[in-house]
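>>> Show me the folded form of this:
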Amino acid sequence: MNQNWLRRRWFDFRQGHSVYLIFMLTFANFILIFHRLLIERIEFLNEIFSELWVFVIVFIVIYIPASIIIGAWHRKTQLSVEADVIIRQNPLLAKILRTLLETQTNTISKEEINEMRDLLKRIEDGKGQ
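Sure, this is the predicted structure:
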């Protein structure tokens, strides 16, 4: 079996697990633990949210807008910093940009141009490396 195929399946598994499945499980787990350890132990909160479904509805009505506001703040203030850090650590992007720069300044050989062209074609075709 192709090692690239296994690595792609491992990547797909981690993405599906961490981005979707575990997110929903931890969200539900957080609500249940929060209700059990806080709401049920504080008398006046327990009177208001004696039923779990009432707490879940109120929690979601407050939590989702708060998450959207925080997410928008993150996108506007922090995402550009994260993107800059990621870009600076990407050797393929560095190679592409160096090739473009050297092409513009005529300091690159035909072999390097063809090598880059072949690499980009393999990436486009889904063959990666």
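>>> buried residues in stretch 104-120?
I108, M116, L119 (16 or more other Cβ atoms under 10 Å). C-beta here means a position set from N, CA and C on the backbone, and glycine is covered the same way.
>>> So for that stretch, mean pLDDT?
Mean per-residue pLDDT for stretch 104-120: 86.
>>> Other residues contacting that stretch?
Residues from elsewhere that reach stretch 104-120 (Cβ atoms under 8 Å, 6 or more residues apart in numbering): K95, I96, T99, E102, T103.
>>> Return a PyMOL selection command for the buried portion of those.
One line in PyMOL is enough to select the buried members of these, burial here meaning 16+ other Cβ under 10 Å:
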select buried, resi 99
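>>> For the contacts of stretch 104-120, give me TSV that also has distance to F49.
Output for the contacts of stretch 104-120, formatted as TSV (distance: Cβ to Cβ, whole Å):
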residue	distance to F49
K95	56
I96	55
T99	60
E102	65
T103	64
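>>> nearest to I57, of the contacts of stretch 104-120?
Distance to I57, by Cβ to Cβ, is smallest for I96 among those, at 49.7 Å.
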